[in-house]
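Participant: Curious how this folds, go ahead:
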Amino acid sequence: MTTSPTMQILLVSDDAQLLLLLSELLTAHGYEVASTCAAGTYARRPTADWDAAIVDTAAPHGAARWLHALEAPARVPTIAIAARNHAAAAKPFWNRVDAVLHEPLDARKVLLIMRGLIAGRRGAAPADRPLTKGPVTLHPLLNAATIEARETSLTDVETRVLRELMLAASTPVSRDRLMRCSLGREWSPDDRCVDTHIKRLRRKLGPDRSGRTPIQTVRGIGYLLLERWHPAS
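Facilitator: Modelled structure (predicted):
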């Protein structure tokens, strides 16, 4: 079992087969699933009741109700599933979710992104407070980071990207989430903006004692920051 069984995930879909697939996947990895069709009673309960949600945008009425509710301050981290024939209709809601996955679903991506969202939420701190993970301390108000005794300056975007990586330390963060949090826009496969900022962050953080970067690429998903690593200098 890879996570606490008390973590509750809400599934919003009218597709019985999709609900079954996701329920079996999440349950097998220790999550507790509150499955519901789009017309269910989930909208009557506070969003804070769940650790995360997966919303099928092909369930138009229920998905709209749920995604509208994401404007609440204590909203639950949410993954949207976009079927090819419903992707355009769902686009207006994408700025309210944390990640968008396209069908056919990749089980590994679902799990890794889910863990990253939950880790980020549980490790969340006020955006202006210093944050420390391993040898790195981020100072958001100063746009600076301290790597052991060495300080480096950051841009606004680099600060936001590094904060997301630190909140989910050792857990992958999707390019989509990094794009939304750092630049406030939707990520697309041909957009290399996030990769450019990651390249600059890698240079500023420096390598570990083995000459490797602590910001690792997770193929097909995004990036993760190692929490335990030893700077070269």
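Participant: From what I see, Val100 and Arg175 are in contact.
Facilitator: No - contact between Val100 and Arg175 fails when scored by Cβ atoms under 8 Å: they sit 10.7 Å apart. C-beta here means a position set from N, CA and C on the backbone, and glycine is covered the same way.
Participant: what about the nearest residue to Leu18 once chain neighbours are set aside, neighbour count?
Facilitator: In this structure, Leu18 finds its nearest non-sequential neighbour in Asp56, 6.0 Å apart by Cβ to Cβ, 6 or more residues apart in numbering. Per other Cβ atoms under 10 Å, the neighbour tally for Asp56 reads 26.
Participant: Mind listing what's buried along stretch 172-188?
Facilitator: 172-183, 187 (16 or more other Cβ atoms under 10 Å).
Participant: Which residues does Val12 form beta bridges with?
Facilitator: Note on Val12: beta-bridge partners by DSSP bridges are Thr36, Val55.
Participant: per-residue confidence at it?
Facilitator: With respect to pLDDT, Val12 scores 81.
Participant: tally of neighbours for it?
Facilitator: By other Cβ under 10 Å, 27 other residues sit near Val12.
Participant: how about the strands in the chain?
Facilitator: Along the chain, counting by DSSP state E, strands occupy 8-12, 32-36, 52-56, 78-82, 99-102, 131-133, 136-139, 144-147, 150-153, 173-174, 215-218, 222-225.
Participant: so what pLDDT did Glu151 get?
Facilitator: Looking at Glu151, its pLDDT is 90.
Participant: Now it. Nearest residue, chain neighbours left out?
Facilitator: Nearest to Glu151 is Ala144, by Cβ to Cβ, 6+ apart, at 5.8 Å.
Participant: show me the biggest helix of the protein in terms of residues.
Facilitator: The helix that spans the most residues within the chain, counting by DSSP state H, is helix 107-122.
Participant: Thought Pro231 was touching Gly134, still the case?
Facilitator: No - using Cβ under 8 Å as the test, Gly134 is too far from Pro231 to be in contact (9.3 Å).
Participant: pLDDT value on Lys91, please?
Facilitator: Per-residue pLDDT puts Lys91 at 57.
Participant: can you check Leu131 too?
Facilitator: Leu131 is assigned 86 on the pLDDT scale.
Participant: Could you find the closest non-adjacent residue to it?
Facilitator: Leu138 (4.7 Å).
Participant: now do Arg129
Facilitator: Nearest residue to Arg129, sequence neighbours excluded (Cβ to Cβ, 6+ apart): Pro140, at 7.2 Å.
Participant: ok, now how distant is that neighbour from Lys199?
Facilitator: 21 Å (Cβ to Cβ, to the nearest Å).
Participant: The two: who's more crowded?
Facilitator: When Pro140 and Lys199 are compared for neighbours, Pro140 comes out ahead with 20 against 13, by other Cβ under 10 Å.
Participant: From Arg175, how far out is that one?
Facilitator: Counting by Cβ to Cβ, the gap from Pro140 to Arg175 is 21 Å.
Participant: swap in Ile215?
Facilitator: Applying Cβ to Cβ, the value for Ile215 to Arg175 is 13 Å.
Participant: next one: Glu103
Facilitator: Glu103 sits 18 Å away from Arg175 when distances are taken as Cβ to Cβ.
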